[in-house]
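>>> please find the sequence and the predicted model below.
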Amino acid sequence: MITRPVDAIEWMLPRHPRTPGRARIRLLRQAFDWQIHDECTEAAMLLLSELVTNACHHACAPRDRLIGVRLLLPTLSLLRVEVSDASPALPVARHAAPDDESGRGLELVAALATSWGAHPRGEGYIGKTVWFEIALPAPAGPASGDINS
């Protein structure tokens, strides 16, 4: 059986109000390189923005700690996005009241992602990783120059 290597890319970003936008731009560029469908890219950008925003605003960690973002394409049918920060507190989804101005982010992640979760980072690291996965449509197959073939 032939297996393909996992495609992955990582970035370390500052905890700054502009970081979610910068993360979205980087994901957009990588999704283009990986030829991920537009609908899946848009969903991934929205969810990445939510997780990075949470890491910037809610992580109880020193301001100089960086946020790690990792994109993985373990198969041609799955995109995994991980956001790590220095806070050990795992996120808890809550139900926001209709007049609440915030608190819907993880509900959005749960609704749009194929799966999601959070776990403490591995031994030797501080903080946690929050991740989501998006199922990708089956690849169209090799491109052909002749549409009539």
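Arrived safely.

>>> contacts and neighbour counts: CA atoms only from here.
Noted.

>>> so Arg29 sits in a helix?
Yes - according to DSSP: H, G, I helix; E, B strand; the rest coil, Arg29 belongs to a helix.

>>> go through stretch 104-112 and flag the buried ones.
105-106, 109, 112 (16 or more other C-alpha atoms under 10 Å).

>>> dump the residues you listed to a markdown table, plus distance to Glu133.
Shown next, in a markdown table, are the buried residues of stretch 104-112 (distance: C-alpha to C-alpha, whole Å):
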| residue | distance to Glu133 |
| --- | --- |
| Gly105 | 15 |
| Leu106 | 13 |
| Val109 | 10 |
| Leu112 | 9 |
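
>>> out of those, list just those in helices.
If you go by DSSP state H, the buried residues of stretch 104-112 have 105-106, 109, 112 in helices.

>>> tell me who's in contact with Cys40.
134, 136 (C-alpha atoms under 8 Å, 6 or more residues apart in numbering).

>>> what's downstream of the helix or strand hosting it, the next helix or strand?
Assigned by DSSP states H and E, Cys40 belongs to helix 38-58. Downstream of helix 38-58, the next assigned helix or strand under DSSP H and E is strand 67-75.
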